[in-house]
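>>> Please work out how this folds:
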Amino acid sequence: MDKNDHFSYPPDSDLDLSFTSCASAATTTTFSSSARSSLARSSLTLSFNESRLSSTTTASPSTSIPNLHSRPHRQSDPNWSAIKTATNLSSDNTLHLRHFKLLRHLGSGNLGRVFLCRLRDNDHANFALKVIDRDSLTSKKICHVETEAQILSTLDHPFLPTLYAHLQVSHYTCLLIDYCPNGDLHSLLHKQPGNRLPLASVKFYAAQVLVALEYLHANGIVYRDLKPENILIREDGHIMLSDFDLCFNADVDPKLEHTTQVHNKLRLRNNCFQNRRPVGQVVTEFVAEPTNAYSKSCVGTHEYLAPELVNGSGHGNGVDWWAFGILVYEMLYGTTPFKGASKESTLRNIASARGALFKEQENEEVQDLIEKLLVKDPRRRLGCARGATDIKRHPFFNGVNWPLIRTYPAPEVRGINFKRSKSHVSGMALQKRKQCLAGRTIPHYNTLPVAATYVALFSRAASTTPLARGIPQYLRLPRSSRTQAAVKDFDVDFKEVMRFFIAE
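Model prediction:
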C-alpha cells in the first residue's frame, strides 16, 4: 500500500517546527526539525472509532480499521469524554496528534516502543501510545502489526484494552490505548517476597485472566503470548492483557449447554469467594472454543511454550491453556515449572515426559488445576475441548461469581497502590465489596444463568437480545523474551517521535 494513500497534508503555515517534550518533571527539552517539507507531509490527523462517542464527530479519511460494533462497556469511560471535548474545541472539529503531549517512555517490546501521553489542557486524560516504526520491521512483523491493530479494534471487555485511535503517520503506526499506571504483573511479582503471591491474590488474577482468555477464544482469537509481562495492572488494581501481535484467528461455533452441578470432593477454605450454587442445580453454560484452530508457526516466550509448540507438530487453542497453567504456577511459586539453566534446557524440559514439580505442599485445589492444565497431550488438557467453561468449574474457582468478577476488590499486595473504581458500580455492588472485605460471603445471582462473557458477546445487539435486556447495565460485564529489550538509541527515537507532536 502506498504510504500516501491515507495522508492529509496541512499547509506549511499551520506548522510550528519547534516543539516541547515533557520527558520528565524536572526538565523540558526543545527539539527542532531541519526538514520543514517532510514534517508537513507527516502531520496527520488521528482517526478513531466515532460510534464509541455519545455524539457524532468527524473521523479522518485515514481510518484504516472498520468500526465493527458499538462498545457498551466503554460508554462511561471518561477518556472518551476528554477526546470528544478536544475534538469539539479543534478548529476543524477533528482530533489531531498535536492535541497530545508526549510525556515519557514506558517500555519497549518486540515491535515498537510505548510512550505515556496526555491530552493537552486535561491532566487526567492519560493514554499509552504504542509507536511502531514500520521501516525497521520485516514484512512478517508488519503483518503482526496489522493483526494487532485489527484485533484491538474489535475488543470490548473490561480486562482487555480499548483502542482509542489508530493512525498511520509517515513510516510510523501509532496505537492509542489504555494507560495502566501500576505496571505489569512481572514487575509486581518481583516486588513480593520470593517473587510469589498469596493464594487469594493468585486466584483473583487467575480468574480475571481466565475471563479475558474466554472472551478472546469466543471471538476465535488464540492469544499465544500469555505471560506476566503482558498482564498490566490498571489504576484500580484489575488486570488488562496487552500485546496481540502474535494472535491468530480461527473459526468458532458458540453454543449453550445445560449441565448439572456436581459435588466436588475438593473444597476451598473460607475467603471472599464462596460456593453458593447448590449441588444438583441445572445451569446453562456458554461454550465457544476454537477447537479447530491450527497453526505451525512457533511464537511465544520459551518458558511459556506448550510442548506442541516446542516439537513443531502444530498447535491450536490448547497453547493458551498450557500458558495459563504456567502463569498460575509462577504466581504461586515465583518461577516457571520447567525453567532450566539455559533456554535450550528449558525447552528440553517442556518437551520431556516429566510433569510439573511442586516445591512444597500447597493448596490441593490449585495444584490439581495446574496438573490438569499442564498435561502434555493437548487432547487431554483441561480447557482444550470446552474452553474456559470447564476451567471455571474446577474446584479452585468454586464460589467465583463470574458475572460480578469485575466488582471484586483488588487484593492488597506489596508494591502497588491502586485507586478504587467508583464508576458504573451500583450501591448494591459496593455493598458486596464491603461484605467481601469484611470476610462475609457474596450471594450467587440466580438471575444470571450464564457467564458474563456470554453477555458481553451478545451485548453488541443488546436492544434485541432478551438476555441482555433483562440484566441491569452495570452487570453487563464480560466483557519477546523474559527480559525486556534494551532501549537502544532512545534519544534519537524520542526526537524522531516528537516531530509529530506539534503544539497548537
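>>> How about residues contacting the helix or strand containing Leu256?
Following DSSP states H and E, one finds Leu256 within strand 255-260. For strand 255-260, contacts defined as CB atoms under 8 Å, 6 or more residues apart in numbering pick out 280-288, 386, 389, 450. All C-beta spots, glycine's among them, are computed from the backbone N, C-alpha and C.
>>> Return it as PDB; C-alpha atoms alone will do.
C-alpha atoms of strand 255-260 as PDB (Å, rounded to 0.1, in the frame of the first residue of the first chain):
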ATOM      1  CA  LYS A 255     -23.400 -22.700  21.800                       C
ATOM      2  CA  LEU A 256     -25.400 -23.000  25.000                       C
ATOM      3  CA  GLU A 257     -25.100 -26.200  27.100                       C
ATOM      4  CA  HIS A 258     -27.200 -27.300  30.000                       C
ATOM      5  CA  THR A 259     -25.300 -29.200  32.700                       C
ATOM      6  CA  THR A 260     -25.900 -30.300  36.300                       C
END
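>>> so what strands line up beside whichever helix or strand comes after that strand?
Following strand 255-260 in sequence order, the next helix or strand is strand 282-287 (DSSP H and E). Each strand paired with strand 282-287, and its direction, by DSSP bridges: strand 255-260 (antiparallel).
>>> With Val283 as the reference, measure out to Asp368.
21 Å (CB to CB, to the nearest Å).
>>> Same check on Ser136?
Taking CB to CB, one finds Ser136 at 51 Å from Val283.
>>> So those two - more neighbours on which side?
Val283 (15 against 11; other CB atoms under 10 Å).
>>> my guess is Asp209 contacts Leu241, does it?
For the record, residue 209 is Val, not Asp. Yes - contact criterion CB atoms under 8 Å: Val209 and Leu241 qualify, at 7.2 Å.
>>> Quickly list what's touching both of the two.
159, 226, 231.
>>> export the contacts of strand 255-260 to a markdown table and tack on pLDDT and distance to Phe418?
Shown next, in a markdown table, are these (pLDDT from 0 to 100; distance: CB to CB, whole Å):
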| residue | pLDDT | distance to Phe418 |
| --- | --- | --- |
| Gly280 | 67 | 39 |
| Gln281 | 78 | 35 |
| Val282 | 82 | 38 |
| Val283 | 80 | 33 |
| Thr284 | 84 | 34 |
| Glu285 | 85 | 32 |
| Phe286 | 86 | 30 |
| Val287 | 92 | 33 |
| Ala288 | 92 | 31 |
| Arg386 | 95 | 33 |
| Thr389 | 95 | 30 |
| Val450 | 38 | 30 |
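>>> Those, buried ones only, as a PyMOL selection?
To isolate the buried members of the contacts of strand 255-260 in PyMOL, using 16 or more other CB atoms under 10 Å:
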select buried, resi 285+286+287+288+386+389+450
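>>> Most widely separated two among the contacts of strand 255-260?
Using CB to CB, these span at most 25.8 Å, a distance reached by Gly280 and Ala288.
>>> per-residue pLDDT, Arg120?
As predicted, Arg120 sits at a pLDDT of 89.
>>> Repeat that for Gly220.
Note for Gly220: predicted pLDDT of 97.
>>> Sketch out the low-pLDDT regions of this structure for me.
1-75, 261-280, 419-504 (pLDDT under 70).
>>> The top helix by length along it relative to strand 282-287, how many degrees between them?
Identified as the longest helix of the chain according to DSSP state H is helix 199-218. Per axes from the mean of the first three to the mean of the last three CA atoms, to 10 degrees, the angle that helix 199-218 makes with strand 282-287 is 60 degrees.
>>> out of everything not next to it in sequence, what's closest to Leu155?
Nearest residue to Leu155 in three dimensions, chain neighbours excluded: Pro161, at 6.6 Å (CB to CB, 6 or more residues apart in numbering).
>>> and that neighbour, what does it touch?
152, 155, 177-178, 240-242.
>>> taking those one by one, which sit in helices?
Leu152.
>>> looking at the contacts of Pro161, which has the most residues close by?
Each of these was scored for neighbours by other CB under 10 Å, and Leu155 scores highest at 25 neighbours.
>>> ok, now how distant is it from His238?
To His238, Leu155 is 15 Å away according to CB to CB.
>>> mind pulling up the phi and psi values for His315?
Per-residue torsions, His315: phi -150, psi 170 (degrees, to the nearest 10).
>>> What of the one 3 residues further on?
Gly318 has phi and psi values of phi -60, psi -20 when expressed as degrees, to the nearest 10.
>>> What residues does the nearest residue to it once chain neighbours are set aside make contact with?
Excluding the flanking residues, the one nearest Gly318 by CB to CB, 6+ apart is Pro378, at 3.5 Å. By CB under 8 Å, 6+ apart, the contact list for Pro378 reads 306, 308, 315-316, 318-319, 322, 384.
>>> Which ones among those map onto helices?
308, 318-319, 322.
>>> from the residues you listed, which single one is nearest Arg120?
Val319 (42.7 Å).
>>> count of residues packed around the nearest residue to that closest one once chain neighbours are set aside?
Counting by CB to CB, 6+ apart, Val319 lies nearest to Ala306, which is 4.3 Å off, once chain neighbours are set aside. When neighbours are defined as other CB under 10 Å, Ala306 has 24 of them.
>>> Isn't Ala306 up against Ala323?
Yes - with contact defined as CB under 8 Å, Ala306 and Ala323 form a contacting pair (7.0 Å).
>>> Now do Pro299 against Lys140, distance only.
Just so we're on the same page, residue 299 is Val rather than Pro. Val299 sits 10 Å away from Lys140, going by CB to CB.
>>> higher neighbour count, these two?
Val299 (17 against 8).
>>> For the more buried one, which non-adjacent residue is closest in space?
In space, Val299 is closest to Leu246, 4.7 Å off (CB to CB, 6+ apart).
>>> Secondary structure class of Arg104, three-state.
strand (DSSP: H, G, I helix; E, B strand; the rest coil).
>>> Which residue comes closest to it once chain neighbours are left out?
Leu116 (5.2 Å).
>>> Tell me the secondary structure at the one you found.
Three-state assignment for Leu116 (three-state DSSP): strand.
>>> Thanks a lot, see you next time.
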